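In: I need the structure of the sequence given here:
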Amino acid sequence: MNILFIGDIVGASGRAAVKKHLPALKQRYDIDFVIANGENAAHGKGITPRIYQELITNGIQCITLGNHAYSKSEIMMIKDQADRLVFPANLLPTSDLNQTKVFRVKEKTLAVTNLMTQVFMENVSQSPFESMDKILETVNADVHIVDLHGEATSEKIAFAYHYKNVLAGVFGTHTHVQTADERIIDGCAFISDVGMTGPYESIIGRDIAEVLARIIQKTATKYTIAESEAVFSAIYVRFDSSNRANFVERIQIRP
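Out: Sure, this is the predicted structure:
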């Protein structure tokens, strides 16, 4: 089984990069399933029904979220129909929304779980370790992948080592900065942060002048997404017949 996980899609340029690069990548790596973090897909915060459908149409088969999961309230209007959307299990307000989704891929089951870390993050109901333990009580799949959304690299690494024998992949998201620590930990693929698929000439996706004004002049600002062409960030993982990762490759395509 060959999996492609795309890092945080930010704004219109990020979505355009998906449409531009995904077909060729699927062919090059013989991809069986595509997962992407889409919590910044709608103007940098949240996701809308239209954008959800756009990403699915462009070849993404599962969309995970993060701290901006509820920023666009209209997504809740299609929560029962958006069967490829996965919400963070430990993000307040907790609910009965999809927190783990199980798919059938090449005669095997693939589970995708979305969790938040705790360090430097807000509105987290419990640690990802507590949430993961509860999820594992009821979810059984051949391959289980977690999008671990948060700031601290150490927390993400600790999570991967703790669950290395029961998870097949732990992919960090949220910081928008791709880390060079992709590895396989006893058959569990890991990277601290997959990186951003969004405006390359930016400050983690946002307009540079606006962010500098906020930091230096203490100016009240909006949340303006930069308009430059996007970098495309992802990770490719190959799983063997025993459902363990045996190859991992970090991907970054700059404009």
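In: what's next to the helix or strand where residue 25 lies, contact-wise?
Out: Per DSSP states H and E: residue 25 is located in helix 11-28. For helix 11-28, contacts defined as CB atoms under 8 Å, 6 or more residues apart in numbering pick out 4, 6, 8-9, 31, 34, 36, 40-44, 51, 54-55, 58-60, 196-199, 205, 225-232, 234, 236, 251, 253. All C-beta spots, glycine's among them, are computed from the backbone N, C-alpha and C.
In: mean confidence for the following helix or strand past it?
Out: With elements assigned by DSSP H and E, the helix or strand that comes after helix 11-28 is strand 33-37. Per-residue pLDDT values over strand 33-37 give a mean of 99.
In: and strand 33-37, which strands flank it?
Out: Strand pairing for strand 33-37, determined by DSSP bridges: strand 2-6 (parallel), strand 62-64 (parallel).
In: any chance of those in TSV, plus distance to residue 169, mean neighbour count and mean pLDDT?
Out: Converted to TSV, the strands paired with strand 33-37 look like this (distance: least, CB to CB, whole Å; neighbours: other CB atoms under 10 Å; pLDDT from 0 to 100):
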stretch	distance to residue 169	mean neighbour count	mean pLDDT
strand 2-6	7	25	99
strand 62-64	12	27	98
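In: all helices of the chain, in order?
Out: Ranges of helices in the chain, per DSSP state H, are 11-28, 49-57, 128-138, 153-162, 208-216.
In: so residue 213 sits against residue 219, correct?
Out: Yes. Using CB atoms under 8 Å, residue 213 is in contact with residue 219, at 4.2 Å.
In: which of these two has more residues huddled nearby?
Out: Neighbours per residue (other CB atoms under 10 Å) separate residue 213 from residue 219, with residue 213 holding more: 14 against 10.
In: for that one, give me its contacts.
Out: 219, 221.
In: residue 9 and residue 211: what is the separation?
Out: Using CB to CB, to the nearest Å, one gets 19 Å for the distance from residue 9 to residue 211.
In: can you give me the buried ones in stretch 26-42?
Out: 26, 29, 31-42 (16 or more other CB atoms under 10 Å).
In: residue 146: which of those residues is nearest?
Out: residue 35 (10.6 Å; CB to CB).
In: the closest one contacts residue 5, correct?
Out: Yes. With contact defined as CB under 8 Å, residue 35 and residue 5 form a contacting pair (4.8 Å).
In: which neighbours do those two share?
Out: With CB under 8 Å, 6+ apart as the test, residue 35 and residue 5 both reach 145, 147.
In: count the residues that sit near residue 164.
Out: Neighbours of residue 164 (other CB under 10 Å): 18.
In: got the phi/psi numbers for it?
Out: phi -60, psi -30 (degrees, to the nearest 10).
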